[in-house]
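Colleague: based on what follows, work out the 3D shape:
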Amino acid sequence: MSDDLPLIRLRGVCKQYGSGAAAIMALDHVDLDIAAGEFVAIMGPSGSGKSTAMNILGCLDTPSAGQYWFEGREVGRLTRDERARLRRRALGFVFQGFNLLPRTSAQENVELPLLYRGESAARRHELAAQALAAVGLAGRERHTPSELSGGQQQRVAIARAIVAQPAVLLADEPTGNLDTQRSREIMELLVHLNRERGLTVLMVTHEADMAAYAGRIVRFRDGRVESDAVHEAAGLA
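Modeller: Now for the predicted structure:
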């Protein structure tokens, strides 16, 4: 990727569901650049297009029109298999509901992305242990989700998202199921990963106090970018 290109670039991206009188324009000619190493919070009311944008950025959906470039490659020109490889190689996902396998240990949950990549058992164990240590869960490798608090479960989910060393972490309402204290701990962890590892973080949230941890806040309304501003007090919420 050329040094003068952003990591992510959207140009004229539209997403339409349905047709005719029933058509809904979820995204309406969205332009957006995101540089490597940024921490961007994406906000907006329900139906604003923020989740649709996140799905397109995560290669979970495709635009109806417009272009999406990732690391200088136009994603729309990739085959389904190439998009799947891009997701596995470069993107990590964290969700509000944790999405952990309930009867599986923290270690095994974190190893899953590596299993899909065909890593050896020894390498999976090594990398998963490192990822769990990075999120403050060293010593909890054998615990199942039911033996962990909500905050610890989200830490396992974050470890799973970063274990394959992605370029981008996409977090969809990562504190939505947590109390205030656990939410702050998770946000401080995301800030740490962003600053210390250079991990690009894209986070959808409806909570202004959580968005305040980000270095930039992009607000969507009616399928368009309503505002895009640097947040000077990033990480100091």
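Colleague: mind listing the strands for this structure?
Modeller: Per DSSP state E, the chain carries strands over the ranges 8-17, 24-34, 39-43, 65-70, 73-74, 91-95, 168-172, 200-204, 216-221, 224-230.
Colleague: paired strands for the fifth one, with orientation please.
Modeller: Translated: strand 73-74. Using DSSP bridges, strand 73-74 pairs in its sheet with strand 65-70 (antiparallel).
Colleague: neighbouring contacts of the strand it pairs with?
Modeller: 5, 7-14, 29-30, 56-57, 59, 74-76, 86, 90 (Cβ atoms under 8 Å, 6 or more residues apart in numbering). Bear in mind the C-beta positions are built from the backbone N, C-alpha and C, glycine included.
Colleague: buried only: go through these for me.
Modeller: Among the contacts of strand 65-70, the ones that count as buried by 16 or more other Cβ atoms under 10 Å are L7, I8, R9, L10, V13, V30, I56, L57, C59, V75, L86, A90.
Colleague: could you identify the most distant pair in these?
Modeller: Using Cβ to Cβ, the buried ones among the contacts of strand 65-70 reach their maximum pairwise distance at V30 and A90, which is 20.6 Å.
Colleague: make CSV from the buried ones among the contacts of strand 65-70 and add pLDDT and distance to A229 to it.
Modeller: Shown next, in CSV, are the buried ones among the contacts of strand 65-70 (pLDDT from 0 to 100; distance: Cβ to Cβ, whole Å):
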residue, pLDDT, distance to A229
L7, 97, 19
I8, 98, 18
R9, 98, 19
L10, 98, 17
V13, 98, 20
V30, 98, 16
I56, 96, 22
L57, 96, 19
C59, 94, 27
V75, 96, 26
L86, 94, 29
A90, 95, 26
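Colleague: returning to what we had before: of all the strands of the chain, which one is nearest T144?
Modeller: strand 91-95 (18.5 Å).
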